[in-house]
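# curious how this folds, go ahead:
(2 chains)
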Amino acid sequence: MERDESPNARSGADHADHPPRMGFFTDTSVCIGCKACEVACKEWNAIPEDGLNFTGMSYDNTGGLGADSWRHVAFIEQRKPLALQESGVAHDGMDVAGLAPEGSGTAPAEAEMTPTTPGTPSPDGRTELRWLMSSDVCKHCTHAACLDVCPTGSLFRTEFGTVVVQEDICNGCGYCIPACPYGVIDQRKEDGRAWKCTMCYDRLGEGMEPACAQACPTDSIQFGPLEELRERAQGRVGQLVEAGVTDARLYGEDPSDGVGGAGAFFLLLDEPEVYGLPPDPVVTTRDLPAMWKHAAVAAGTAVLAVVAAFAGRP
Amino acid sequence: MSSSDVTRDGQQGVHPGRDALTGRNHRRKGRRGERAMVPDAEFTSYYGKPVLNPPVWKPVDIAGYFFLGGLAGGSSLLAAGAEATARPALARVGKVGAFGAISLSLVALVEDLGRPARFINMLRVFKPTSPMNLGSWLLAVYAPLTGAAMVSDLARRLPRVGHAATAAAAALGPAVATYTAVLVADTAVPAWHGAYPEMPFAFAGSGLSAAGGLGLLAAPLSESGPALRLSVLGGAMEVAALRRMEHRLGEAAEPYSNGSSGTLMKAAEAATAAGIILGQLGRRRRVLRAIAGGALVGASALTRLGIFQAGMESARNPKYTVTPQRTRLKDRDIS
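This next block holds a predicted model:
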């Protein structure tokens, strides 16, 4: 990415003459679950260790996004076929345990079976195994609830269209945390303040891509101008569906959704909730005018109740 | 979930826990005494983990902040009403109550901040999209008014300033008692956000009921008649709003009737009813009225704690986030 040298790039809330809105397109169909994104994010942003836990949730020992996990790779094991995928791990009709005593002295060329020998598919061609992996991140919403409800102005919209916490302003009120419809931002306990992905604001300013995208070995995490990413994603989902991966769908790319479109969107292979994502998130402040109207009527009713309580009788 | 279903004898029958790995909902088994009134809707989650990050607010601090704000706002109204109808003792109770409650409320709010020393950052901007920001500005104006009203009354100085402060505090009182309802509703927590039409009525009613309770507790019998009537009206408003909300929301309102949050809500309702009955019985007995007042104040605190805990429960269980959104999508597809 070219560094934006325009004088207005870093001044003013309206960011006149700003660089294009930048985003992430996370294509989970090529994610291999290496967690390089998680590691790169932690390293670059100097995020503290937050517990070395064993969760038993497939290969996911991170658990979810939070103050100290700004990238989170989800692992989902399913007894479903991945279209056109031959995993080659079926051993039907082969007594593996019985073969063990025979040792491994057979030269690969003569062996009936080696670790790479394709297995026998079941009658319908299925191997009944699919392992979904997806690297989750802050969505950098167009209509960001965390930013809307922040009482100090600590959360702000950058010239790149991303949403960032100013840690020298945050007073740890915690309002942004339940406001986020995705469960992204959280409080760092020992510090008291709220933390989340900055889309590597410091790197973007220098014309570099975010650490996670740079570390991703399969380009599952793609970084670039949002418009470009949306086009690329449409092409990719079409390609997958044509290839028979009919489960493929985009999540968060639609500017008419409840958050006005996410700055970080995804290509998923199952329903969003399977990955721990809300199926139809809505920015809570959309209803704020209606909330204030109800509060005004309730306040008026309270005044009437007081008048009634004092009227007449002793 | 960590046990393998592949053994040396080949694949064993599907391990029940293994099915959960597809993201199917695993229901808690063997929980005593709880039977869902409505069968669980089919929904999927990521290992049963919450979609939302639940609030990090401490229950006593934030439920206390809501309760004390309601008590203060109601007390300011009570004080103004008593002053206008020549009930000086009741007016004094309202003024002292309003100042005391709003001061404690501010302490609770600051105490709950991750960085209490930065409290003043709340007034760094004026931000209409943030109910907490507007609330901070409101309290910055309201709290000194309650102080002026109280000091003028207790010191018997500057009566005109005192009257003006009492009236101004009463004008802001309803806003102080209801803005916290907007504050909780303006989150992604399903039990709070979904309840936004009724929540301000529940909060206002609860605040009035508590202020009436304070009047019963501390004002002489000769002046506490309006306090009891205020508790009756406030309690009725609160209970009606909550009932209507639970009816309208259906499954999403389950935490208001189930579990520990449900117990708190039921206890609050019982305490409100007990306070009102005792208050009626104690028309000539100061002690009964004081007990009634205590019950009503306590009921309001229980209500806020119950609402707070119901929100926590609804944030922790992905069912409450996913199911309504799925239903919404389905309805949209049909139409």
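
# OK, contacts around the closest residue to A:Ala36 other than its chain neighbours?
Counting by C-beta to C-beta, 6 or more residues apart in numbering or on different chains, the nearest residue to A:Ala36 once its immediate chain neighbours are dropped is A:Ala215, at 4.3 Å. Every residue, glycine included, has its C-beta placed from N, CA and C. Applying C-beta atoms under 8 Å, 6 or more residues apart in numbering or on different chains, we find A:Ala215 in contact with A:36-37, A:39-40.

# list buried residues within those residues.
A:36-37, A:40 (16 or more other C-beta atoms under 10 Å in any protein chain shown).

# the helices in the chain, which residues?
Here I'm looking at chain A. Assigned by DSSP state H, chain A shows helices spanning A:36-45, A:96-99, A:145-149, A:176-179, A:201-205, A:211-215, A:226-242, A:288-310.

# my question was about chain B
For chain B, the helices defined by DSSP H occupy B:16-19, B:59-84, B:88-112, B:131-155, B:159-185, B:190-193, B:199-218, B:225-249, B:259-281, B:286-316, B:318-334.

# residue ranges with poor pLDDT in the stretch 1-150 of chain B?
Applying pLDDT under 70 to the stretch 1-150 of chain B picks out residues B:1-41.

# just the closest residue of it to chain A, please.
For the stretch 1-150 of chain B and chain A, the shortest gap (C-beta to the nearest C-beta) falls at B:Gly114, measuring 1.9 Å.

# okay, now that residue: neighbour count?
The tally of other residues near B:Gly114 (other C-beta atoms under 10 Å in any protein chain shown) stands at 19.

# hmm, A:Glu167 and it touching each other?
No: counting by C-beta atoms under 8 Å, B:Gly114 does not reach A:Glu167; the two are 11.0 Å apart.

# joint contacts of the two?
Each of A:Arg193 lies in contact with both B:Gly114 and A:Glu167 under the rule C-beta under 8 Å, 6+ apart.

# touching chain B at all, stretch A:251-260?
No: no part of stretch A:251-260 sits close enough to chain B to count as contact by C-beta under 8 Å from any C-beta of the partner chain; the gap is at least 8.9 Å.

# and that stretch, what's buried?
Within stretch A:251-260, the residues scored as buried using 16+ other C-beta under 10 Å are A:251-253, A:257-259.

# returning to that earlier point: columns mean pLDDT and distance to B:Leu109 on top of the helices of chain A, output as TSV?
Shown next, in TSV, are those (pLDDT from 0 to 100; distance: least, C-beta to C-beta, whole Å):
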stretch	mean pLDDT	distance to B:Leu109
helix A:36-45	98	30
helix A:96-99	65	64
helix A:145-149	98	15
helix A:176-179	98	16
helix A:201-205	96	30
helix A:211-215	97	36
helix A:226-242	95	38
helix A:288-310	98	19
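
# where exactly do the strands run in chain A?
A:22-27, A:71-78, A:130-137, A:155-157, A:163-165, A:186-187, A:194-195, A:221-225, A:249-251, A:264-268 (DSSP state E).

# so which of these is the most packed in?
strand A:22-27 (a mean of 27; mean count of other C-beta atoms under 10 Å in any protein chain shown).

# ok, which pair from the contacts of A:Ala215 is furthest apart?
Spatially, the most separated pair among those is A:Cys37 and A:Val39, at 7.4 Å (C-beta to C-beta).

# for the residue most central in space within chain A, which residues are in contact?
Geometric centre of chain A, nearest residue: A:Asp136, 2.5 Å, by C-alpha atoms, centre = their mean. By C-beta under 8 Å, 6+ apart, the contact list for A:Asp136 reads A:26, A:64-65, A:71-74, A:275-277.
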